[in-house]
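Enquirer: Attaching a predicted model along with its sequence, questions to come.
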Amino acid sequence: MATRKSTTDTTSRVVASGAAKVLADKKASAAEKTLAASALAQRNPKAKTSEKVTKVAAKVLSDPKSSPAIKSIAASTLTQKSTKQK
């Protein structure tokens, strides 16, 4: 994954490019497409990962069958999870 130029968490160009490929892939699963869409949305520095996507990302990261590219997208979405406390 590319290094970030600022302290604002946004999806890197490398991850965004991979996410775009996942969205275009007709064989990609719903979970993979959910993560890819979230990663692309997070090119906006104000966008944060929802609880639903956080759960999908955690599941993908723990699945040994997930590809390194999908795991990279999942990890990117998790780094952008909202840190607000209730």
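Expert: Arrived safely.

Enquirer: Output the below-cut-off pLDDT ranges for this structure.
Expert: Residues of the chain that meet the criterion pLDDT under 70 lie in 1-8, 83-86.

Enquirer: Which stretches in it count as strands?
Expert: Secondary structure of the chain (DSSP state E): no strands present.

Enquirer: Does L35 touch K59 like I think?
Expert: No - because the distance of 9.9 Å does not satisfy CB atoms under 8 Å, L35 is recorded as not touching K59. Every residue, glycine included, has its C-beta placed from N, CA and C.

Enquirer: Compare these two (neighbour count), which wins?
Expert: For L35 and K59, the more surrounded residue by other CB atoms under 10 Å is L35, and the numbers stand at 30 against 13.

Enquirer: residues contacting that one?
Expert: Shown here is L35, whose contacts under the criterion CB atoms under 8 Å, 6 or more residues apart in numbering are A19, V22, V53, V56, A57, V60, I70, I73, A74, T77.

Enquirer: how about JSON lines for the residues you listed, with neighbour count added?
Expert: As requested, the contacts of L35 are exported to JSON lines (neighbours: other CB atoms under 10 Å):
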{"residue": "A19", "neighbour count": "28"}
{"residue": "V22", "neighbour count": "22"}
{"residue": "V53", "neighbour count": "23"}
{"residue": "V56", "neighbour count": "20"}
{"residue": "A57", "neighbour count": "26"}
{"residue": "V60", "neighbour count": "23"}
{"residue": "I70", "neighbour count": "23"}
{"residue": "I73", "neighbour count": "29"}
{"residue": "A74", "neighbour count": "27"}
{"residue": "T77", "neighbour count": "29"}
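
Enquirer: Let me know the closest of these to T11.
Expert: Top of the list for closeness to T11, among those and by CB to CB, is A19 at 7.2 Å.

Enquirer: Correct me if wrong: that closest one contacts R43.
Expert: No - with contacts counted by CB under 8 Å, A19 stays clear of R43, the gap being 9.3 Å.

Enquirer: Now for these two: what residues contact both?
Expert: Among the neighbours of A19, those also in contact with R43 (CB under 8 Å, 6+ apart) are T11.
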